[in-house]
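> Just the structure for this:
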Amino acid sequence: MTASETVSVTFATPDESEALASVSRILHGHDMPALVGPDGEQITLPLNVFEILTDVVDAMQQGKGISVVPRDTIMTTQQAADFLGISRPTLVRLLEDGQIEYTKPGRHRRVRLVDLDAFQRRQAAERREALDALTREATEGPTATGFVQTR
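A predicted model of the protein is given here:
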């Protein structure tokens, strides 16, 4: 597969759902994953390949579509915006603010998938921290006087 190719899998058909359930049971039930070739040769899967395969099967069982792309894929701003689920102008603002790295080899900006992934991970971590802070505030309760200062 070249950097520009994408492998996409659409939703599972009812016939495939039963097969996916069988694959899922096998994947979740074994510690040492392996593939068996048509000639009976067994090959142990590396852990990261096993985890990816498990995630793909789980997503397909939930009716989600799957795309597999190389991490070094370079996207246009529209593709990057679609990946993040935001508008292109919003993405451009994030790029210009330095929140996501990009290159501009000519007139057009290009964004690497790894940079989009890094941005998503940072955003998720910031959301977790904010939720943790809100939870701490909520569990501490009112001050000793019973009044909460609002201004």
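
> per the record, what domains does the protein have?
7-68, 74-139 (automatic domain parsing).

> okay if I get those domains as JSON lines plus mean neighbour count, mean pLDDT and distance to residue 149?
C-beta coordinates here come from the backbone N, C-alpha and C atoms, glycine included. Below are the domains of the chain laid out as JSON lines (neighbours: other Cβ atoms under 10 Å; pLDDT from 0 to 100; distance: least, Cβ to Cβ, whole Å):
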{"stretch": "domain 7-68", "mean neighbour count": "12", "mean pLDDT": "74", "distance to residue 149": "46"}
{"stretch": "domain 74-139", "mean neighbour count": "13", "mean pLDDT": "94", "distance to residue 149": "13"}
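
> closest to residue 151 out of those domains?
Distance to residue 151, taken as Cβ to Cβ, is lowest for domain 74-139 among the domains of the chain, at 16.4 Å.

> For the closest one, measure first residue to last.
End-to-end distance of domain 74-139 (Cα to Cα, to the nearest Å): 45 Å.

> the strands in the chain, which residues?
Per DSSP state E, the chain carries strands over the ranges 7-9, 34-36, 42-44, 66-68, 74-75, 111-112.
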